[in-house]
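Undergrad: Here is a sequence together with a model predicted from it:
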Amino acid sequence: MDSVINVQEPFMYHIWPIIVVLILLTVLGIIILAGYYRKKTKPVQTVEKPVERKFYTMQERSALKNKYLGLLTALEARFRNGEIERRPAYQELSALVRSFLKEISGVDVTNCTLEQIKEMHVPVITPLIANYYEPEFALETDDDLLDSIINAKRIIERWN
């Protein structure tokens, strides 16, 4: 039994379509990897809430200033009478100044660190808060609370 085997030519592949597909797959892979690493290393951007600024009439502004001047005077009296210690008094003073800034300008620094306040460029309040930091957090201080209250009152009185 003789059998004849006819050998056929191997399939002829064109090399260019294969090269193009490989290049496209490589480029796609690079894009996917770049996107993955970019997401991974991209700093988180915080979305700042728009400042809700209320515009006060001169009378309302004056009443707001008087409110905070009264609160500072009450704090001063409580400290002089020994009803409040120096450290909690500084903490309350800082809270009052921060609250005043929020009410009068809409800039909320109530929970901000000193560095964050400096980044916000609030030149009038920043030195006050900076002066309160040491006595506010230290167990003992030589700082004069009454002078700090007077400085806070001056800032509030001169606020435009």
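TA: Perfect, thanks for sending it.

Undergrad: all helices for the chain, in order.
TA: Using DSSP state H, the helices found in the chain span residues 15-41, 58-80, 86-105, 114-119, 125-137, 145-158.

Undergrad: helices or strands up against the third one?
TA: Applying 3 or more Cβ pairs under 8 Å, 6 or more residues apart in numbering; DSSP states H and E, one finds that helix 86-105 contacts helix 58-80, helix 125-137, helix 145-158. Heads up, the C-betas are built off the backbone N, CA and C, glycines and all.

Undergrad: quick one: the most centrally placed residue in the chain from Ile129, how far?
TA: Nearest to the mean C-alpha position of the chain, by Cα atoms, centre = their mean, lies Gln116 at 5.9 Å. To Ile129, Gln116 is 10 Å away according to Cβ to Cβ, to the nearest Å.

Undergrad: What distance do you get for Lys153 to Leu128?
TA: Counting by Cβ to Cβ, the gap from Lys153 to Leu128 is 11 Å.

Undergrad: Between those two, which is the more surrounded one?
TA: Neighbours per residue (other Cβ atoms under 10 Å) separate Lys153 from Leu128, with Leu128 holding more: 20 against 16.
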